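> just need the structure, nothing else, for what follows:
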Amino acid sequence: MLPEQQRVLGYFIEEAKDNLNTIEQGLLNLQNTLKDTEMVNQVFRAAHSIKGGAAMLELDGILQTAHYLEYYFKVLKECPQIQVDQKLELLFLRVFNTLKKLLKQLEDSFFSQKM
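Residues are numbered from 1 along each chain as shown. Model prediction:
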């Protein structure tokens, strides 16, 4: 990997970790998050940012997983009548955990290459 590509990947990983924190905060209390338009927008934008960075770097697994989070938050944002139950919260957390694991694998691989 070229040094410039390594630097971009490093920036992506750091930014993605920040965005994961935003998503996690939004999901931990999803009922309250959905009552706060700005928080919903923050979670949506965080997933969108991860998706965009993953697309640029051709990280397909991360891209697809972030896309699902982004899309379903968009649905919740546009359809406030949707009732969020424990089952839906669990599904969101599973997708989030998958995204978190994918990013952790990428980070581990990135740092093992640098050494």
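> can you map out the strands along the protein?
For the chain, applying DSSP state E gives no strands.
> against Ser109, how distant is the residue minimising distance to the centre of it?
With distances taken as CA atoms, centre = their mean, Ala47 lies nearest the centre of the chain, 4.0 Å away. For Ala47, the distance to Ser109 equals 22 Å [CB to CB, to the nearest Å]. Glycine gets a C-beta too; all of them are placed from N, C-alpha and C.
> what's the mean pLDDT across the longest helix belonging to the chain?
In the chain, taking DSSP state H as the definition, the longest helix is helix 86-114. Averaged over helix 86-114, pLDDT sits at 91.
> pull out the buried residues from that helix.
92, 95-96, 98-100, 102-103, 106-107 (16 or more other CB atoms under 10 Å).
> ok, so of those, who is nearest Ile13?
For the buried residues of helix 86-114, the residue nearest Ile13 by CB to CB is Glu107; the value is 5.1 Å.
> so who does the nearest residue to the closest one once chain neighbours are set aside touch?
In this structure, Glu107 finds its nearest non-sequential neighbour in Ile13, 5.1 Å apart by CB to CB, 6 or more residues apart in numbering. Going by CB atoms under 8 Å, 6 or more residues apart in numbering, Ile13 touches 103, 106-107, 110.
> can I get those in CSV with distance to Asn32?
Formatted as CSV, the contacts of Ile13 follow (distance: CB to CB, whole Å):
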residue, distance to Asn32
Leu103, 25
Leu106, 31
Glu107, 30
Phe110, 35
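> quick one: which of the residues you listed is nearest Leu57?
Relative to Leu57, the closest of those is Leu106; by CB to CB it sits at 9.1 Å.
> pull up the gap between that closest one and Gln64, please.
For Leu106 relative to Gln64 (CB to CB), the value is 14 Å.
> what do you get for Phe96?
Taking CB to CB, one finds Phe96 at 14 Å from Gln64.
> who touches both of Leu106 and Gln64?
Contacts common to Leu106 and Gln64, judged by CB under 8 Å, 6+ apart, are absent.
> next, count neighbours for Glu14.
Residues contacting Glu14 under the criterion other CB atoms under 10 Å number 11.
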